[in-house]
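# need a 3D model of the following:
(one chain, ligands or ions: 1)
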Amino acid sequence: SVQVLVAASALDQGVAAADAVLERLAARARPVLGIATGSSPLPLYEQLARRARELPQLRGFALDEYLGLPAGHPQSYREVVRREVVEPLGLDPARIHVPDGGAPDPEHAAAAYEELIRAAGGIDVQVLGIGGNGHLAFNEPGSALDSRTRVVELTAGTREANARFFPSPGDVPTHALTQGLGTIREARSLVLLASGPQKADAIAAALTGPVTPEMPASLLQLHPDVTVLLTGGAEAGL
Ligand code: GLP
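Here you go, the predicted structure:
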């Protein structure tokens with residue numbers, strides 16, 4: 001079932017999200033965290049950094065990664081995860097995994113990543129943001145609800161949305177490796193953060209519209225434990 005919480009501020013949103021995440025991780029003997037990049041989860045990571053002492057020894061898996069950026073590129077999700085999550089939260093970098101966007105055979109890297117998640121016992125709490133078009137990770141509209149980790153092509157809209165992080169729009173990679181919607185759905189709990197009016201339509205469609213590959217985030221309706229934390233107008237369509 002989906003529990004929706006509207007927070008008065010990004011701070012309150014982060015505090016509530018951290019409560020939801022820590023409570024669920026504490027219940028697991030060998031906790032595994034699913035890590036999302038993007039601006040949406042930052043209020044959560046800020047609170048988890050403040051409460052780093054409460055964090056158990058974690059293993060972690062990032063949702064996605066650009067294909068083809070040179071190793072160490074500051075906008076590669078491997079680097080973003082290191083800067084925004086691993087270091088502030090004091091996680092053990094050797095236990096945090098990101099899909100290999102530099103692999104010579106990316107489809108093989110995708111399959112290997114699935115295997116790594118399975119070997120870790122699956123993801124306990126998957127942190128999520130949502131794209132303005134309803135994408136989860138890099139699962140764009142049209143992604144099968146049972147899709148697995150794979151190579152995907154980014155839509156023009158997603159490349160535009162992410163162009164702000166690159167010197168010029170042409171520098172945004174065209175492809176990525178992403179956990180599939182089926183992979184995300186298998187996490188024991190999902191915690192999604194969204195803020196701002198530009199997410200309102202996607203949130204309303206995901207939570208109250210039909211469950212369809214055209215709205216990847218509508219898979220939330222199929223999951224038994226979802227917490228959605230909204231602020232800053234993302235709740236406007238509900
Ligand atoms: C990106 C990421 C997603 C993220 C989304 C929204 O393309 N691949 O995982 O949830 O877009 O990003 P933001 O939170 O910055 O709005």
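# who's in contact with stretch 36-50?
Stretch 36-50 is contacted by residues 10-11, 13-15, 17-18, 21-22, 55, 62-64, 77, 80-81, 84-85, 88-90, 126-130, 137, 191, 193-195, 199 when judged by C-beta atoms under 8 Å, 6 or more residues apart in numbering. C-beta here means a position set from N, CA and C on the backbone, and glycine is covered the same way.
# which ones among these map onto strands?
62, 64, 126, 127, 128, 191, 193, 194, 195 (DSSP state E).
# tell me how far the closest residue to residue 97 other than its chain neighbours lies from residue 137.
Residue nearest to residue 97 in three dimensions, not counting chain neighbours: residue 61, with 5.0 Å by C-beta to C-beta, 6 or more residues apart in numbering. Distance of residue 61 to residue 137, computed by C-beta to C-beta, to the nearest Å: 11 Å.
# what residues are shared contacts of these two?
residue 179.
# so between those two, which is more surrounded?
Higher neighbour count among residue 61 and residue 137: residue 137, with 31 against 25, using other C-beta atoms under 10 Å.
# who's in contact with the closest residue to the more buried one other than its chain neighbours?
By the measure of C-beta to C-beta, 6+ apart, the closest residue to residue 137 outside its immediate chain neighbours is residue 63, 3.9 Å from it. Contact analysis of residue 63 by C-beta under 8 Å, 6+ apart lists 34, 35, 36, 37, 126, 128, 136, 137, 138, 178, 179, 184.
# sorry, back to before: which residues does the residue nearest to residue 97 bridge with?
Beta-bridge partners for residue 61, by DSSP bridges, are residue 34, residue 97.
# just to revisit the earlier point, next, give phi and psi for the residue nearest to residue 137.
Residue 63 adopts backbone torsions of phi -70, psi -40, taken as degrees, to the nearest 10.
# against the ligand, how distant is the most centrally placed residue in the chain?
The residue lying closest to the centre of the chain (C-alpha atoms, centre = their mean) is residue 36, at 2.9 Å. Residue 36 is 5 Å from the ligand, where distance means C-beta to the nearest ligand atom, to the nearest Å.
# now swap in residue 61 and tell me
Distance of residue 61 to the ligand, computed by C-beta to the nearest ligand atom: 13 Å.
# what does the helix ranked longest in the chain contact?
Determined from DSSP state H, the single longest helix within the chain is helix 10-26. The contact list for helix 10-26 (C-beta under 8 Å, 6+ apart) reads 5, 7, 31, 33, 41-48, 51, 54-56, 58, 124-125, 127, 188-189, 191, 193, 195, 225, 227, 229-232.
# narrow the residues you listed to those that are buried.
By neighbour count, with 16 or more other C-beta atoms under 10 Å, these hold 7, 31, 33, 41-48, 55, 58, 124-125, 127, 188-189, 191, 193, 195, 227, 229-232 as buried.
# narrow the contacts of stretch 36-50 to just the buried residues.
Listed as buried from the contacts of stretch 36-50 are 10, 13-15, 17-18, 21-22, 55, 62-64, 77, 80-81, 84-85, 88-89, 126-130, 137, 191, 193-195, 199; burial here means 16+ other C-beta under 10 Å.
# circling back: using TSV, lay out the ones in strands among the contacts of stretch 36-50 together with pLDDT and distance to residue 150.
Shown next, in TSV, are the ones in strands among the contacts of stretch 36-50 (pLDDT from 0 to 100; distance: C-beta to C-beta, whole Å):
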residue	pLDDT	distance to residue 150
62	98	15
64	98	11
126	99	17
127	99	21
128	99	18
191	99	24
193	99	25
194	98	25
195	98	29
